[in-house]
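Undergrad: all I have is the shape, not the residue letters:
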């Protein structure tokens, strides 16, 4: 499966984009892994380390380290910049894994 095919998934793709690994990236990674494990049929996780010159960085207009994007069929349905916690994921759960067209 290519990256583009993965991004075009019917399921919600949670893409963790970061420039350099840090405690906030590690914390976000744990929260997202937990969320995906609770929704194995509805959500997938993609970790992307990239720099400002990388195509994905430009394509999704990344401004913060880390940034989490919720994508469905390649389209952004949610964005969170910086610290991500379980409470944040609980608040957007229905948007990410609920009924969708």
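TA: Thanks, I have the structure now. As the structure is a computational prediction, the values presented were derived from the model and not from experiment.
Undergrad: Three-state assignment for the spatially closest residue to residue 81 that is not a sequence neighbour, please.
TA: Distance criterion Cβ to Cβ, 6 or more residues apart in numbering; nearest residue to residue 81, sequence neighbours excluded, is residue 64 at 3.6 Å. In this view, the C-beta of every residue, glycine as well, is placed from N, C-alpha and C. Classification of residue 64 by DSSP: H, G, I helix; E, B strand; the rest coil places it in coil.
Undergrad: just the pLDDT at residue 64, thanks.
TA: The model reports residue 64 with a pLDDT of 87.
Undergrad: so how far is residue 80 from it?
TA: Separation of residue 64 from residue 80 (Cβ to Cβ, to the nearest Å): 9 Å.
Undergrad: one more: residue 94?
TA: Taking Cβ to Cβ, one finds residue 94 at 15 Å from residue 80.
Undergrad: if you count surrounding residues, which of residue 64 and residue 80 has more?
TA: Neighbour count, other Cβ atoms under 10 Å: between residue 64 and residue 80, residue 80 has more, with 19 against 15.
Undergrad: which of the residues in the least confident helix or strand in the chain by mean pLDDT are buried?
TA: Lowest mean confidence among the helices and strands of the chain (mean pLDDT, DSSP states H and E): helix 55-59, at a mean of 86. The neighbour-count check on helix 55-59 (16 or more other Cβ atoms under 10 Å) flags residue 57 as buried.
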